[in-house]
Each structure stands twice: as C-alpha cells, then as structure tokens.
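Undergrad: Let me see the structure of the following:
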Amino acid sequence: MKKILNILLMLICFESNSIAQWLWQNPYPQGNALKSVSFLASVANRGWAVGELGTAIYTTDAGVTWQLVNLGTKENLNCVFMHSDTQVFIVGDNGLIIYIYDNGGTFEITFQTSSTAENLRSVTSHVNGCSWITGDGGTVLRSTDMGDTWIDQSTAYNGNLYSLHNIECTTAWVTGLNGYVMNTTDWGISWHVKSTPTTSHLFSIDIGTFDYIRAVGNSGTMILTTNQGASWITETTGTTSNLYNVFNIGYARAYAVGGNGVILETTDVGEPWIQRNSGTYVSLYDIDDIYGSNDMYVVGNYGLILKNSGTGTDFTIQSKGTIKWIHSLEFVNTSKGWAVGGDYYAPINKGVFLRTTDAGNTWIETNTLIPLNSVDFINEDEGWAVGEDGTIRHTINGGESWGTQTCPISSDLNAVHFIDENYGWAVGDYGDIIRTTNGGTSWSTQNSTTPNWLYGVHFVNSTTGWAVGLDSTIVHTTNGGANWERQIFETTNNFRFTDVFFIDEMHGWVVGVVGSIFLTTDGSATWQQIPSGTYESFGSVHFTDYNNGWIVGNAGTILRSRDGGFTWEQQFSGVSANTLTSVCFVDTMNGWASGEGGTIIHTTDGGGIVNVEVIKTTTVLPDNFLLLQNYPNPFNPSTTISWQSPVAGHNSIKLFNVLGREIETIVDGYFEAGNHSTLYIVNSTLPSGVYFYQLRAGDFIQTKKMIYLK
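TA: Residues are numbered from 1 along each chain as shown. Down below sits the predicted model:
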C-alpha cells in the first residue's frame, strides 16, 4: 500500500506535533550536506537536491534560487533522480523510497514500499519507465511501473553497492566495495561480475555514448572501459582525493567531483583531466547538468551548491553565506548580534567576523587573516573578540570596524568575557589567563595554577569568576583573578570542559566532552554530575534565568532545561552532522546557535518542546498526580520542586506562609504528561521560616512543607 500526502497538508501535520523550531540562517538556504542533485530539461528549469536528515531543496529557475521542501522524513537522503520535469525519485537510509509528482509547485509525495531496511544509495529511471535502485547488502531493486512495485533482484552479492546507472531498460551497471563492478543485459535476470584493475571502493559509475563507461572511487581512482568491461584503463586523475561521482557527456567530455573541493574536467577522453577551481576545500558529492545547457551544477558538504558557465570554466558558489566555522556568537537583544570564527585550511583570510541588525535574517561578513575563537559584547556598540596567536580585537561601533589590542602572550586565546566596559578576562592554551581593568588598553597575565588548556571563562562581577578546561579543570577566583583556586570534585573521567556559565555567585553549569554536565548551587563548593542522555560532546551552555538553559554540541545536538539544569530534554535542531560550538539566548524564546560549516540557526520559540520521538521512546508516563518533597530541605537559597502528572494540562505551584497567605507563584503554565521539576530560588527579602508549597492540576491539590534558613 502506498502512502500519498499532499505537501501542504503534511506541513500542517508537522506543525501540530510542535517539533522544536530551529531554522537555518547561515549558510542559505541550509547547511546540511547535499549528497545528490538532478536536473532535466532546460525548458522547465526545475531541479532537486537532497541530503542528510531529510534535507530536500527545489528550484524552478535553474538554480538561481532554492526553496526547502519538507518531505516528512528525517532519514538521510542519498540520491535524487528526475524521471521527468514532474516526476522525481528519491532514495535514502533504512529502505526509504520517495516518489514525487510535481503538480506546478504542489507536491504529491508517495512513500513507496521497498521491502528492505538496507540503506539505499542510488536510483535511476529510464524514460520508458524502467527504474532501478541499489544499496547496502547487495540490494538491487527494479520497477516497471514507476515504483508501484519494486522487485528484489538476486545478485548473489551481499556487499555494499554504491552506484547504479542505466540508459536502457534491459541494461544496468553497478559498483561497490573493493573495485566491484557488475552488469546485466537482461532486465536483471542474470548479473555478470567484471574484473577490474582496482581494489578501491567505487562510489559512482556512469555510461557515456559509444560504450564509454567510467567508474570512480577512493584515492582518486578512475577506471574506463570502451568494450563493455572486457578490459579497463586506469586513468590519471592527478588527485589522491576520494572521487564520489563521475558524469559523462557524450564520450569525450566528462566531469568528476570529490573530496577537498576537487572538480575534474576532460574534453578529450581523459587526456588530460584538468582540475577546475571550485572555490572550496570541502567534499563535493554529485554533479549534473541541465539537458540542453552546457552549465554544470555541483553539490556537497555544508549545503554547498556550485555552478560553472560551460566547458573550460571554473565553478562559483551559488549558495549564500560563509562556510567557515562559527566558533562563537553573541546577541545583546533580539536584533543585534555578532559571530566570529575561522578555518585553518583556508588559503588566505582564515578568520571571519559576522554582524546582524535584523535578528540574523541577513549577516554582513568581514574576513580577516587570523581565526577567531570567541566574541563578547557589553552593549550594542562595544565588544571584544579573541583568537589564534594571542589575537585581541576590539570594536566601539557595533562591529563595523575592529581595532587590535596588545596581548601579553602569543599563545591561542579560546574564550573572552567582559562584565562592563572596563573589566574583562580571556583564557587560552597552557592555562593562560589575562585580565584588563581598562577596557583592553592594557592586559596583564594571571597565574591560573594549572598548565591545562582553558576553553571557557565566566565572571558574575569584578571579583568572582570561573575558568574551565582540560583534565576536569575548574578554577575559581573571588578576587578578580589575583588568586585562582582549583576546584576539587570527584569525576569518573578526566573530562575536557569546554564552557562555563553562572547566573549568580551560587548557581553555575559546566559542560564538556562525552555528554558531561555538572552544576553547582553553592558557588562551586560542590558539583553534581547530571545525566545528559547522550555521549555527544558539548561546546557551549547558556542560561537566561535560574531555570531555563540550553546546551549545544556535536552532530547538531541541542539540549534544553526548564528546571535549572537538573533535567534535560533533546530538541530537534535540523542540523545533521555539523558540530555546534556556541549558543546564546536573549530571553526564553529568542536564541541562536552556531558551529561547523558556517552553521547559524535561530529560534523564536525557545527551540520548541522536547523532541516528540524522544518522548515516545524514553518516557514512562506516571499513573497519578504526585507532589514530591523539595530537595534540599531545609534550603538556602534554592531548592528543587518536583511533581508528576498522568495527563497534560495546566499546572500551578504557589508558595504560602504559615498563616495561609499567598507569597508568590512558583510555576504557572501548560505541561505535558510526565515528570517535571523546577528550581525555586528564594527572594532575598523573604525571612527564614516554615512555608508551604501547593500543586494545583485540574481538580488535584496537594501541599507540602518546606523550611528556608538564611
């Protein structure tokens, strides 16, 4: 049975599930890796590209502009093939096959039945309606009815197959692991293994005219046959980078793309292959042309889309925005923000400044020679950035221009934090800490008491601050850094801590590798390790108040806490593989995260609710309402209040004195069914004594006693 949905109805359905809303701002239109691109006739100018995490983009103007299309899946999409201007096949992980009928921009989407859970790598479809798919585990599927039914071909091979190409219904060629090539000439009834001169994995095969057939793979491997695979020629490509796709145009002209931004072109049957300038150093995965046009289109990592202007021309990047790492970003309000970063592999201008005045809808880019690791602003005009080789940059005009300040050290600086226009600290390699009391006019070194690399620093006032780094390092000062003291606590691993954030002198959080989260409620006298539910490494933590915080990390990971960091829920970032290194919120709704490949994403709803899939698989719903005893009790100045609810609904928790007079509302809002906690921080004017907190949820009411001791 086929599942057919209209894309407009599907979008409404997904919004009703309230999946977390993080949207791409840079690169544009998005920054997940694109694995495949397909065009057809130049008359319609329609094209598709697909990639990781269900990413699909669509153009109707030959790639000048692209729009994101929600296909209703988060599976990695590995190949797209346009059978016609209106008919499209897409295949992906876990046996996914999608058929799309483009009815003038309204897409009828069909999830076809593949009868396999193997990852599908390649799809092609002849004009006469004979369609083929190949994938892992020796999978080869064939259809003669546009995918209404797919027939599993018996190939007697169980290795991974990466590519399939056919130009006739009866004939198809397939490549795979260790130089494996096979073909069929009888609709897949029988398959013939071809001897090849390579043991490299072959990622792509393409049939040209006059039986010119090429395959490409690992380490620049390219082989050519002109006699149906009876013999092969190893072609000289001039590169050792992996080649992921080859595309023949006729027999003399051909292209190949691969790792490190490699694009190869030949116009005379491979003698020679010429490397064209791609303007990038990242992996490129696929190349295609618009039939009837000489222009070539290439897609690759970080959402890159490239195009040339015909034979013998270099390629230019069509997608918008930098793909350099964005190591740090900072917003001072819902409109104005800055980001800094850089790449070590860029030939020149390794660093980058970005600034926005419209909440990140547009970013103004300025390149610089040195990679930058951290940025911090105290208001809309004044800020600092630090980076490699002791670089310190300073602006007083909102980042329109940046001056250079003199640094007393030459090692890399990894983080910077200012509390006002005068007092600031920066930390870096070898345990280096530097400080200024005059806005950076002069900087002086401080003794951190550790040789470990430091990656994060945070101060709550001119005297009290923390820095974190390698080997579970947390150092603390109460005199502006004149003395730093190593915090001693028990950990099961020698964590590399990457960031630290404090909301006041008592309450703080530290994050690091392998999903490590620690919190303190007593000014770092003691630290509690908190389960994160993931082994992904974290890069940054930020809280807007005592309850609401976010953590970002590897593979697009974003966690959200609503109870002061005691429990965390995973949000859907929309980022597939890119590492996130920085997060900043200006309130509980408006936030940004940044990272690898120029990634900048933005939310206006706090990132939405917990990932619905996580709830379904990890949460056991309680059977009844229950208000738990606060902990610790007695307390000063904070305590955690927990409760459980078997149904979704409005919950409130209020505080009363011993006379029954209401003091304040601690919790008031809509909550899903499940277990909940909130961190209550007492108002400093509240006198010591006995108090009562009361949960109301529908008709349920329960009250418990707490003791506050100053």
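Undergrad: quick one: residue 558 and residue 569 touch, right?
TA: No: using CB atoms under 8 Å as the test, residue 558 is too far from residue 569 to be in contact (9.7 Å). Every C-beta, even on glycine, is put in place using the N, C-alpha and C of the backbone.
Undergrad: Which one of the two is surrounded by more residues?
TA: With neighbours defined as other CB atoms under 10 Å, residue 558 and residue 569 compare such that residue 558 has more, 26 against 20.
Undergrad: all strands of the stretch 1-150 of the chain, in order?
TA: Along the stretch 1-150 of the chain, counting by DSSP state E, counting those that start in this stretch, strands occupy 3-6, 23-26, 34-39, 47-51, 56-59, 67-68, 77-82, 87-92, 97-102, 107-112, 120-125, 131-135, 140-143.
Undergrad: Return the list of strands paired to the fifth one, each annotated with direction.
TA: So the one you mean is strand 56-59. strand 47-51 (antiparallel), strand 67-68 (antiparallel) (DSSP bridges).
Undergrad: Looking at these, which one is packed in the most?
TA: strand 47-51 (a mean of 27; mean count of other CB atoms under 10 Å).
Undergrad: what pLDDT, on average, does that one get?
TA: Throughout strand 47-51, pLDDT has a mean value of 97.
Undergrad: and if you look at stretch 165-180?
TA: For stretch 165-180, mean pLDDT rounds to 94.
Undergrad: In contact with residue 123: list those residues for me.
TA: Contacts for residue 123 (CB atoms under 8 Å, 6 or more residues apart in numbering) come out as 79, 80, 81, 89, 90, 91, 97, 131, 132, 133, 164.
Undergrad: Any idea what it is bridged to?
TA: Beta-bridge partners, per DSSP bridges, of residue 123: residue 133.
Undergrad: And for residue 355?
TA: residue 338, residue 364.
Undergrad: For it, list the residues it contacts.
TA: 336, 337, 338, 339, 363, 364, 366, 398, 399, 400.
Undergrad: circling back to that earlier point, to residue 295, which of the strands of the stretch 1-150 of the chain lies closest?
TA: Checking those against residue 295 by CB to CB gives strand 34-39 as the closest, at 9.2 Å.
Undergrad: What strands line up against that closest one, and which way round?
TA: Sheet pairing of strand 34-39 (DSSP bridges) gives strand 47-51 (antiparallel).
Undergrad: can you give me the angle the strand it pairs with makes with strand 77-82?
TA: 170 degrees (axes from the mean of the first three to the mean of the last three CA atoms, to 10 degrees).
Undergrad: how far is strand 47-51 from where the chain is centred?
TA: Distance, stretch centre to chain centre, for strand 47-51: 18 Å (CA atoms, centre = their mean, to the nearest Å).
Undergrad: Next: stretch 558-572.
TA: Distance, centroid of stretch 558-572 to centroid of chain: 17 Å (CA atoms, centre = their mean).
Undergrad: what mean pLDDT would you report for it?
TA: Stretch 558-572 comes out at a mean pLDDT of 94.
Undergrad: same check, this time on stretch 257-277
TA: Here the average pLDDT along stretch 257-277 is 95.
Undergrad: Please identify the buried residues of it?
TA: 257-259, 261-266, 269-270, 273, 275-276 (16 or more other CB atoms under 10 Å).
Undergrad: Closest one of these to residue 704?
TA: residue 259 (60.9 Å).
Undergrad: what's the first-to-last distance across stretch 495-513?
TA: 6 Å (CA to CA, to the nearest Å).
Undergrad: mind listing what's buried in that stretch?
TA: 495-503, 506-513.
Undergrad: And for stretch 181-197?
TA: Applying 16+ other CB under 10 Å to stretch 181-197 flags 181, 182, 183, 184, 187, 188, 191, 194, 196 as buried.
Undergrad: what's the answer for stretch 625-643, then?
TA: 625, 627, 628, 630, 635, 637, 638, 639, 640, 641, 642, 643.
Undergrad: Restrict stretch 236-254 to CA atoms and write it as CSV.
TA: The C-alpha atoms that make up stretch 236-254 are tabulated as CSV, following Å, rounded to 0.1, in the frame of the first residue of the first chain:
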residue,chain,number,x,y,z
THR,A,236,45.4,9.5,-14.4
THR,A,237,43.3,12.0,-12.4
GLY,A,238,46.1,14.0,-10.7
THR,A,239,44.5,13.7,-7.3
THR,A,240,44.5,11.4,-4.3
SER,A,241,41.2,12.7,-3.0
ASN,A,242,38.3,10.4,-3.0
LEU,A,243,36.1,10.8,-6.1
TYR,A,244,32.4,10.4,-5.3
ASN,A,245,30.7,11.0,-8.7
VAL,A,246,31.5,10.8,-12.4
PHE,A,247,29.4,12.2,-15.2
ASN,A,248,29.9,11.6,-18.9
ILE,A,249,28.6,13.9,-21.6
GLY,A,250,28.9,12.1,-24.8
TYR,A,251,32.2,10.2,-24.9
ALA,A,252,34.9,12.9,-25.0
ARG,A,253,33.6,15.3,-22.3
ALA,A,254,33.3,14.3,-18.7
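Undergrad: On the pLDDT front, check the residue of the chain most remote from its centre for me.
TA: Using CA atoms, centre = their mean, the residue of the chain lying farthest from its centre is residue 659. It sits 52.8 Å away. On pLDDT, residue 659 comes in at 86.
Undergrad: residue contacts, it?
TA: Per CB under 8 Å, 6+ apart, neighbours of residue 659: none.
Undergrad: Make 44 the first number, not 1, from now on.
TA: Fine by me, first position is 44 from now on; the one you just mentioned is residue 702.
Undergrad: Look up how far residue 734 lies from it.
TA: 11 Å (CB to CB, to the nearest Å).
Undergrad: Show me the helices in this protein, by range?
TA: For the chain, the helices defined by DSSP state H occupy 50-59, 655-661.
Undergrad: which of the contacts of residue 398 tops the neighbour count?
TA: residue 382 (31 neighbours).
Undergrad: List the contacts of it.
TA: Residue 382 sits next to 369, 371, 372, 373, 396, 397, 398, 406, 418, 625, 637, 643 when contact means CB under 8 Å, 6+ apart.
Undergrad: Need the pLDDT of the residue nearest to the fifth one when sequence neighbours are not counted.
TA: For residue 396, the nearest residue in space outside its immediate sequence neighbours is residue 409; the separation is 4.4 Å by CB to CB, 6 or more residues apart in numbering. Among the per-residue scores, residue 409 shows a pLDDT of 96.
Undergrad: for the one 5 residues further on, same thing?
TA: Note for residue 414: predicted pLDDT of 96.
Undergrad: count of residues packed around the closest residue to it other than its chain neighbours?
TA: The spatial neighbour of residue 414 that comes closest, neighbours along the chain excluded (CB to CB, 6+ apart), is residue 385 at 2.8 Å. Residue 385 has 24 neighbours, counted by other CB under 10 Å.
Undergrad: which of the contacts of residue 166 lies closest to residue 631?
TA: residue 133 (37.5 Å).
Undergrad: so what's the nearest residue to the closest one once chain neighbours are set aside up against?
TA: Computed as CB to CB, 6+ apart, the closest residue to residue 133 that is not its neighbour in sequence is residue 141, at 4.2 Å. Residues near residue 141 by CB under 8 Å, 6+ apart: 114, 116, 120, 132, 133, 134, 135, 152, 153, 154, 155.
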